[in-house]
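Student: I'd like to go over a predicted model; first the sequence, then the structure.
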Amino acid sequence: MAIILGLPKGSLQESTFALFKRAGFNVSCSSRSYIPSIDDPDIKCRLLRPQEMSRYVELGLLDAGICGYDWVYENGSDVQEVCELNYSKATSNPVRWVLAVPNDSKIKTVRDLNGKRISTEAVGLTKRYLKKNGVKADVEFSWGATEVKAPELVDAIVDLTETGSSLRANNLRIVDTILTSTTRMIANKKAWKSAAKRAKIEQLKMLLLGALDAQKRVLLKLNAPAKNLAKIVKALPALHAPTVNKLNDPDWFAVETVVEERLVRDLIPPLRAAGATGIIELALNKVIF
């Protein structure tokens, strides 16, 4: 039974297609199409804006979808969260919805927004934030280019930022972080109760998470002299334990292990000093725990 899967159009599209590629799925789409092709007969893809993804999943028009938690929260959608996928447009860090004002603004806290005008794409999120803080302000929907609207058109903005570079480029400073969001896979609750559809969604989850985990790890391979094998193996981190195989030469062993990439530069010098040779570092597509 094929599942209908919503993929995010816009800033997340390219990184999502790349993630699917590493997970083993080839996804492609022409610039004018909203129906991507995928080389899996059990998946039918639809390309949609992340802002509306959770609504269509909740309604059952999509069995599952990928979007930010922020839009699930904004829409108040009743959906099944399948997993968190730690990737975004530029980094693997969470994105933030922030309250920002011009650098020379007198607004220092949310309390200073009483009677002010705020522009944002996330009207519901912003109104809940203001209500929580007992502030009454005029919140207007922004159709885009939100950063350029302050101070001429509005007093403040609530906008999405990943690195903060766009805000700084527009002479804006952050007053407060309203919500921190990561990318999520979500499912329709009825589809989640279907054994066949849930099995496919769970398979997709496993492969996508495996691809994300692989981004941080590499396969390290080396040859170790028998006399120093114990010392070399002890120095190597591993998911469980390094793999050790005899070579044709009885005085040498082949050793391989999966390690975090950030550790490799500190591992290689002592390994080499212990007599390891033929050290190879290989990139990985997936690591399944």
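Tutor: That came through fine.

Student: Just give me the neighbour total for L204.
Tutor: A total of 23 residues lie near L204 under the criterion other CB atoms under 10 Å. C-beta here means a position set from N, CA and C on the backbone, and glycine is covered the same way.

Student: Tell me how far the helix or strand containing it lies from the chain's centre.
Tutor: L204 belongs to helix 195-214 when elements are defined using DSSP states H and E. Chain-centre distance of helix 195-214: 15 Å, with CA atoms, centre = their mean, to the nearest Å.

Student: so what does the following helix or strand past it touch, helix or strand wise?
Tutor: Once the chain leaves helix 195-214, the next helix or strand it forms, by DSSP H and E, is strand 217-225. For strand 217-225, the helices and strands in contact under the criterion 3 or more CB pairs under 8 Å, 6 or more residues apart in numbering; DSSP states H and E are helix 229-235, strand 252-260, helix 261-273, strand 277-283.

Student: what about stretch 132-151, average pLDDT?
Tutor: When the per-residue pLDDT values of stretch 132-151 are averaged, the result is 94.

Student: Save the helices and strands packed on strand 217-225 as JSON lines, and put in distance to T243 too.
Tutor: Formatted as JSON lines, the helices and strands packed on strand 217-225 follow (distance: least, CB to CB, whole Å):
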{"stretch": "helix 229-235", "distance to T243": "10"}
{"stretch": "strand 252-260", "distance to T243": "5"}
{"stretch": "helix 261-273", "distance to T243": "15"}
{"stretch": "strand 277-283", "distance to T243": "14"}
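
Student: Looking at the ones you listed, spot the one closest to P8.
Tutor: Nearest to P8, of all the helices and strands packed on strand 217-225, is strand 277-283, at 25.3 Å by CB to CB.

Student: Give the pairing partners of the closest one; include direction for each.
Tutor: The partner list of strand 277-283 in its sheet, established with DSSP bridges, is strand 217-225 (antiparallel).

Student: Name the residues that touch the partner strand?
Tutor: Contact partners of strand 217-225, identified using CB atoms under 8 Å, 6 or more residues apart in numbering, comprise 232-233, 236, 244, 247, 251-261, 264, 267, 271, 274-284, 287.

Student: how big is the angle separating the helix holding L204 from strand 277-283?
Tutor: Using axes from the mean of the first three to the mean of the last three CA atoms, to 10 degrees, the inter-axis angle of helix 195-214 relative to strand 277-283 is 130 degrees.

Student: who touches helix 195-214?
Tutor: With CB under 8 Å, 6+ apart, helix 195-214 has contacts from 1, 3, 5, 19-20, 22-25, 42-43, 63-64, 82-83, 85-87, 92, 185, 187, 191-192, 283-289.

Student: List the buried residues in that helix.
Tutor: 197-198, 200-201, 204-205, 207-214 (16 or more other CB atoms under 10 Å).

Student: Just the buried subset of the contacts of strand 217-225, please.
Tutor: Using 16+ other CB under 10 Å, the buried members of the contacts of strand 217-225 are 232-233, 236, 252-253, 255-259, 267, 271, 274-276, 279, 284, 287.

Student: Tell me where the stretch 51-200 of the chain has helices.
Tutor: Along the stretch 51-200 of the chain, counting by DSSP state H, counting those that start in this stretch, helices occupy 69-75, 123-132, 165-169, 189-193, 195-214.

Student: ranking the ones you listed by mean pLDDT, which is last?
Tutor: The stretch with the lowest average pLDDT out of those is helix 165-169, scoring a mean of 89.

Student: List the buried residues for the helix or strand of the chain with the lowest mean pLDDT?
Tutor: Here the helix or strand of the chain ranked lowest by mean pLDDT, DSSP states H and E is helix 165-169, holding a mean of 89. Buried residues in helix 165-169, counted by 16+ other CB under 10 Å: L167.

Student: likewise stretch 105-114?
Tutor: Within stretch 105-114, the residues that count as buried by 16+ other CB under 10 Å are 105, 107, 110, 112-113.

Student: Contact partners for L229?
Tutor: Counting by CB under 8 Å, 6+ apart, the residues that L229 touches are 244, 253, 255.

Student: hmm, try it at 7 Å
Tutor: Going by CB atoms under 7 Å, 6 or more residues apart in numbering, L229 touches F253.
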